[in-house]
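Q: Following is a predicted model, sequence given first.
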Amino acid sequence: MARSKYVLPFIAFVAVGMAIGWSRSLLGFGLLFQLAFIWRLEEFSGTNNHWENDKESALLRLGFECDYLKSIARPHLEISTVVDPKTGESIKSKVRTSSGMFLSSKDRQIPIIKAIEKRIAVFSQIPAENGESIQVLRYETNQYYTPHHDYFSDAFNLKNGGQRVATMLMYLNDVDEGGETIFPQAGSSECSCGGNKVKGLCMKSRKGDAILFWSMGLDGQSDPNSLHGACPIVKGEKWSATKWLRQGAYS
């Protein structure tokens, strides 16, 4: 899975959310800055440095984490749900047709899972205790998730940890065709979403890549421009893992 000796899985994060709604030039600058930051870290990923004694990094360099997440999730997949904005409860809906599961508290004690969550905390700069359990999702042919926001509009879901600040979306496999992540508000250019041309920014699923985007702006307000969705699968299937990050500690 690793593309080179020193590339750590799930490090190729693309900072999207904070730049959505800005000018296209600023978006490009933000992406380049983030990638430059990542490569700067990788310059120090060889011998005689602090990564060398990082046991979590050693686990991730094995390159098995994508397949591992899929394997522990597969037996527990259930039809995905959405949050009812009126009641805050999880309900089934035609806007989301995937299947998924959440890692349990026991799963989160597994060394490789702890290593992934530590890496997410490092690159998001949000404490690990502010994160919800990782949700693993599988999309099969013609399945999708219509554009939506990750932040809550009900009071019930804000009681534990406050609002969702950011989302880390990790891709666990390469998709044959379709299955892109679409950000409709990110510019006016056209991109391919499930085989159709649409306006916005489309991110193709590539095993080991991840997207970090923000649901709240620098002013602390929920950002409607963080609208995003999962394009329909045209061929094959898509596996992903999502980590939602809160304002405060989540239990």
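A: Right, received. Where do you want to start?

Q: Lowest average confidence across helices and strands of the chain, where is it?
A: Least confident helix or strand of the chain, by mean pLDDT, DSSP states H and E, is helix 24-43 with a mean of 40.

Q: which stretches of the stretch 101-250 of the chain form strands?
A: Ranges of strands within the stretch 101-250 of the chain are 135-139, 145-148, 164-171, 177-178, 181-183, 190-193, 196-199, 201-203, 210-214, 228-230, 233-235, 238-246, based on DSSP state E, counting those that start in this stretch.

Q: Nearest to residue 96, out of these?
A: strand 145-148 (4.6 Å; CB to CB). The way it works is simple: take the backbone N, C-alpha and C, and place the C-beta from them, glycine included.

Q: by contact count, what packs against that closest one?
A: The helices and strands touching strand 145-148, judged by 3 or more CB pairs under 8 Å, 6 or more residues apart in numbering; DSSP states H and E, are strand 228-230.

Q: Which elements pack onto the strand it packs on?
A: strand 145-148, strand 181-183.

Q: mind listing what the shortest one pairs with, with the direction of each?
A: It refers to strand 181-183. With DSSP bridges as the test, strand 181-183 is paired with strand 201-203 (antiparallel), strand 228-230 (antiparallel).

Q: Determine which stretch of the ones you listed is the most buried.
A: Per residue and on average, the most neighbours among the strands paired with strand 181-183 fall to strand 228-230, with a mean of 25 (mean count of other CB atoms under 10 Å).

Q: And the strands paired with strand 181-183: which comes nearest residue 192?
A: strand 201-203 (6.0 Å).

Q: ok, residues contacting that closest one?
A: 14, 16, 20, 180-183, 186-187, 189, 191-193, 211, 231 (CB atoms under 8 Å, 6 or more residues apart in numbering).
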